[in-house]
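Student: just coords:
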């Protein structure tokens, strides 16, 4: 079963709407851990629109599970990450005008800058991943510049409307997983995943972890963060187990879930 990383950025978004001190994303991280989160993800943006430097420091001091810092390749942010030393950093594209991160980092186009950031973070003892689309060229470039793993952008699947679009997106993700595994990259997934659409993604063979934020925070508004995380963990377990059972049935020519 894939692990669950919980992104607490949108708790900070609510806080910043009133420019006050609550809800505290650090408290949300604690509740997420108590609900069974295997990791906590936060994005320290250049414009500090939600998570700020204080949040990052206190998260580092208090989070007991894996701490994953999403970040741009800007020198200032790389320096902060190298000093903070979260267990993992995920390099993502960042545009001031976007509401949330859309699409993957173009490692091919920015290979020199990306390689410099990866080297700096690896020297600090940090596991470094790339947030990319399931494209073979991007996967091979990610391996070439020294990433430990990649988080595949699942947005095409999450935004798909028709059965054909969904099937195409799942097929693209499967091919991405297979290519990444050939390149010895750890394979993670994230973006737009919800309680309603997680089943087919959780059933794919090859993802070691999913990072989910907005849907869990939205659910937490009604049931609390701890329960919201527990519910998502339950779904991951259920659909991963169903996938394993389907693969184990004798006489079934389909040996990989989701095909």
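Tutor: Cool, the structure landed. Every value quoted in this text rests on a predicted model; they were computed, and no experiment measured them. Numbers count the residues shown, from 1 in each chain.
Student: Any stretches of the stretch 151-259 of the chain with poor pLDDT?
Tutor: 241, 243-259 (pLDDT under 70).
Student: Please enumerate the strands of it.
Tutor: 186-190, 209-212 (DSSP state E, counting those that start in this stretch).
Student: Adding distance to residue 198, write these out as TSV.
Tutor: (Each C-beta comes from the backbone N, C-alpha and C, glycine too.) Shown next, in TSV, are the strands of the stretch 151-259 of the chain (distance: least, C-beta to C-beta, whole Å):
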stretch	distance to residue 198
strand 186-190	10
strand 209-212	8
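Student: who wins for proximity to residue 34 among the ones you listed?
Tutor: Closest to residue 34 of the strands of the stretch 151-259 of the chain, according to C-beta to C-beta: strand 209-212, at 16.8 Å.
Student: helices or strands next to the closest one in the packing?
Tutor: strand 3-7, strand 39-43, strand 186-190, helix 198-202 (3 or more C-beta pairs under 8 Å, 6 or more residues apart in numbering; DSSP states H and E).
Student: what's the last one in contact with?
Tutor: Helix 198-202 is contacted from outside by 2, 154, 157, 166, 170, 173, 189, 193, 207, 210, 212, 232, 235-236, 238-240, 243, 258, using C-beta atoms under 8 Å, 6 or more residues apart in numbering.
Student: So which of those residues are in helices?
Tutor: 157, 166, 170, 173, 232, 235, 236, 238, 239, 240, 243 (DSSP state H).
Student: follow-up on the earlier one: how about the helices and strands packed on strand 209-212, which one is nearest residue 117?
Tutor: strand 39-43 (15.3 Å).
Student: Next, the angle from the closest one to strand 3-7.
Tutor: 30 degrees (axes from the mean of the first three to the mean of the last three C-alpha atoms, to 10 degrees).
Student: hmm, back to that, could you dump the helices and strands packed on strand 209-212 into CSV with distance to residue 73 and mean neighbour count added?
Tutor: Output for these, formatted as CSV (distance: least, C-beta to C-beta, whole Å; neighbours: other C-beta atoms under 10 Å):
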stretch, distance to residue 73, mean neighbour count
strand 3-7, 19, 25
strand 39-43, 13, 26
strand 186-190, 18, 24
helix 198-202, 27, 20
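Student: Distance to residue 114 added to these, as JSON lines?
Tutor: Converted to JSON lines, the helices and strands packed on strand 209-212 look like this (distance: least, C-beta to C-beta, whole Å):
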{"stretch": "strand 3-7", "distance to residue 114": "22"}
{"stretch": "strand 39-43", "distance to residue 114": "17"}
{"stretch": "strand 186-190", "distance to residue 114": "17"}
{"stretch": "helix 198-202", "distance to residue 114": "26"}
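Student: Any idea how many residues pack against the residue lying closest to residue 145 once chain neighbours are set aside?
Tutor: Sequence neighbours aside, residue 115 is the residue nearest to residue 145 in space, at 4.1 Å (criterion: C-beta to C-beta, 6 or more residues apart in numbering). By other C-beta atoms under 10 Å, the residues close to residue 115 number 17.
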